[in-house]
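> model the following, please.
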Amino acid sequence: MDIQKISSLINIINREKNTSNILFTMDKRGIDMKNISIEHSYILLNLAKLLSQYDINIEIDEPHFERKNKEEAIITLIDDISIYTEILRGEDDNTKELVTKLINIKCNLIKEIIKDERAELILTKDELLKFDGSNGNPAYVAIDGIIYDVTKNKTWLDGVHFGLVAGRDLTEEINSCHDNKEAILSKLTPVGKLK
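Numbers count the residues shown, from 1 in each chain. The predicted structure follows:
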């Protein structure tokens, strides 16, 4: 059994969980990441298949929403590219092809992150008030200092949610009403920060 090969494949799959989260987060922000995500999933499955030849099965987690800033995400991707370039030297053709594809995905993802020039909003509580979902304005709410877009959320019809009105800091309200705050926030799109 090739212990070094197994270790290398497990290391790659574990590192790729981070890239899955970056892809998922970018997609949640409204950037079209579908094709890159599909290709990435396909490569992960093939890496897992290579491992299964050694009777080792590894679980590939569902991606989850991560609030990483652009710089952190880019540094993570560059670190992976550097490590994968080293890995390429000693691998067989099957693994080399998959690792090369992962490097390309990471390069494309870095380009997308850099290209995403939408400025992050920084609003005061008074400025946030105009984003109440009325008169064609988007509906934003602030929770724990992060501003979320609830405009297209079905539970926020016209900027109102069970008597709560968008355009406000609703940290206290969500903390008192919901035990599953993180699950709820993971479904919302962050658009900025409260000053």
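> any idea how far the nearest residue to residue 130 once chain neighbours are set aside is from residue 73?
Spatial nearest neighbour of residue 130, excluding adjacent residues (Cβ to Cβ, 6 or more residues apart in numbering): residue 137 at 6.0 Å. Any C-beta I mention is one placed from the backbone N, CA and C, and that applies to glycine too. The gap separating residue 137 from residue 73 is 30 Å, by Cβ to Cβ, to the nearest Å.
> ok, residue 64 next?
Per Cβ to Cβ, residue 64 is found 14 Å from residue 73.
> which one's more surrounded, these two?
Between residue 64 and residue 73, counting by other Cβ atoms under 10 Å, residue 73 is the more crowded of the two (20 against 12).
> tell me the secondary structure at the more buried one.
When classified by DSSP: H, G, I helix; E, B strand; the rest coil, residue 73 comes out as helix.
> would you agree it is in contact with residue 112?
No. In this structure, residue 73 is not within contact of residue 112 by Cβ atoms under 8 Å, at 10.2 Å.
> what is the burial count for residue 154?
For residue 154, using other Cβ under 10 Å, the count is 7.
> residues in contact with residue 93?
With contacts taken as Cβ atoms under 8 Å, 6 or more residues apart in numbering, residue 93 has no neighbouring residues.
> how about the nearest residue to the spatially most central residue of the chain, chain neighbours excluded?
Compute the mean C-alpha point of the chain, and by Cα atoms, centre = their mean the closest residue is residue 25, 2.0 Å away. Nearest non-adjacent residue to residue 25, counting by Cβ to Cβ, 6+ apart: residue 66, 5.3 Å away.
> report the secondary structure state of the one you found.
Secondary structure, three-state DSSP: residue 66 is coil.
> so what's the residue count around the spatially closest residue to residue 37 that is not a sequence neighbour?
Excluding the flanking residues, the one nearest residue 37 by Cβ to Cβ, 6+ apart is residue 23, at 4.8 Å. Counted by other Cβ under 10 Å, the residues lying close to residue 23 total 24.
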